[in-house]
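K.L.:
Take a look and give me a structure for this.
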Amino acid sequence: MMESLEVIVRTLFAIVVLFLLTKLLGKRQVSQLSFFEYITGITIGDLAATISLDTDKTWHLGLIALLVWVAVSYLIEFIQLKSKKARDFIDFRSTVLIRNGKILEENLKKERISSDELLEELRKKDVFKVADVEFAILESDGAINVLLTRENQPLTAKHLGIKVAPERETQAVIMDGQMLSQPLDAVGLTPKGLNDKLEKLGVRMEEVYLGQIDSYGELTVDLYADGVQTPKAQDKPQLYALLKKCEADLELFSLSTKDTAAKQLYGGCSEQLQRLLADLKPYIQN
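P.N.:
So this is what the prediction gives:
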């Protein structure tokens, strides 16, 4: 019984130590692992298990080894930040696998990647034809990034010459039925303003599982009740429709009047409103 209790205590101790040391090493240890970080992760996990289960008198040696591994990893990460040569030596350099639609077979052999593996990675990027690829690069963490040729890249608003509104980070202002003050301040909205938006949607704060405000100031909510259709604000579409109606009315007034000055006035206002609508369309029409 005492031995089981000792294992439980050591395991809890190892969990706490491992958590703190992993926090020290940073987020890369749980995301994009380099070659050395992969080895470090395996070794640290094995040492933590040793601390938990080694019930003899030398368990503290496992803790010392764990601290040494973390210290070395931290030092290597610091050196990598300071030296490009160190990064290339420890993490390896990126390798071009495809250039101008042509597979570089020698580089594939060097990285020990088969044609099937390369095609599989391309399919994961929604690329099914090698000739459509401008560049495919094997990164130091093992990921393959792909750049399509210009004619195969998806169209963007810039290609079409369309102005789009600048995007800001979408903020979660309601979570688990509770208002979040800091994100609310980030979007420049008061609690009363948030309650007004909820009132327009016809929902209450406690009914909302998650509420977000986008860069346009529009509130979208996900309700606890999955069977209920989520309401949507109609302010922007209604504003666009109202402006279109005003533009149509001005054009109608211009056509119906016989007064030359009034005709020019209405026509000029209609043209100005048309230009304004063209500029505002990306902002207010959903």
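
K.L.:
Ramachandran coordinates for the residue nearest to residue 95 when sequence neighbours are not counted?
P.N.:
Closest residue in space to residue 95, ignoring its immediate chain neighbours: residue 138 at 4.5 Å, by Cβ to Cβ, 6 or more residues apart in numbering. C-beta coordinates here come from the backbone N, C-alpha and C atoms, glycine included. Main-chain torsions, residue 138, degrees, to the nearest 10: phi -90, psi 120.

K.L.:
Could you give the bridge partners of residue 138?
P.N.:
residue 95, residue 144 (DSSP bridges).

K.L.:
for it, what are its contacts?
P.N.:
By Cβ atoms under 8 Å, 6 or more residues apart in numbering, the residues touching residue 138 are 94, 95, 96, 97, 107, 111, 113, 144.

K.L.:
Pull the most distant pair out of these.
P.N.:
Farthest pair in those (Cβ to Cβ) is 94 and 113. Separation: 13.5 Å.

K.L.:
Surely residue 220 is within a helix?
P.N.:
No: counting by DSSP: H, G, I helix; E, B strand; the rest coil, one finds residue 220 to be strand, located in no helix.

K.L.:
From the structure, what's the count of residues near it?
P.N.:
Neighbour count for residue 220, taken as other Cβ atoms under 10 Å: 15.

K.L.:
nearest spatial neighbour of it, skipping sequence neighbours?
P.N.:
Leaving aside its sequence neighbours, residue 220 sits nearest to residue 212 (Cβ to Cβ, 6+ apart; 5.5 Å).

K.L.:
Only whichever of the contacts of residue 138 are buried, select them in PyMOL.
P.N.:
The buried subset of the contacts of residue 138, as determined by 16 or more other Cβ atoms under 10 Å, is captured in PyMOL by this line:
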select buried, resi 95+97+107+113+144
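
K.L.:
which strands and helices sit next to the strand or helix carrying residue 67?
P.N.:
Using DSSP states H and E, residue 67 sits within helix 59-82. If you count contacts as 3 or more Cβ pairs under 8 Å, 6 or more residues apart in numbering; DSSP states H and E, helix 59-82 packs onto helix 2-25, helix 35-53, helix 84-91.

K.L.:
re the thing from before, give me phi/psi at the residue nearest to residue 220?
P.N.:
Per-residue torsions, residue 212: phi -130, psi 150 (degrees, to the nearest 10).

K.L.:
how close does the most centrally placed residue in the chain sit to residue 176?
P.N.:
Centroid-nearest residue in the chain, with Cα atoms, centre = their mean: residue 169, separated by 10.2 Å. According to Cβ to Cβ, to the nearest Å, residue 169 stands 20 Å off from residue 176.

K.L.:
re the thing from before, export the contacts of residue 138 to JSON lines and tack on distance to residue 226 and pLDDT?
P.N.:
Shown next, in JSON lines, are the contacts of residue 138 (distance: Cβ to Cβ, whole Å; pLDDT from 0 to 100):
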{"residue": "94", "distance to residue 226": "45", "pLDDT": "84"}
{"residue": "95", "distance to residue 226": "47", "pLDDT": "89"}
{"residue": "96", "distance to residue 226": "47", "pLDDT": "93"}
{"residue": "97", "distance to residue 226": "44", "pLDDT": "93"}
{"residue": "107", "distance to residue 226": "50", "pLDDT": "91"}
{"residue": "111", "distance to residue 226": "46", "pLDDT": "87"}
{"residue": "113", "distance to residue 226": "44", "pLDDT": "89"}
{"residue": "144", "distance to residue 226": "38", "pLDDT": "90"}
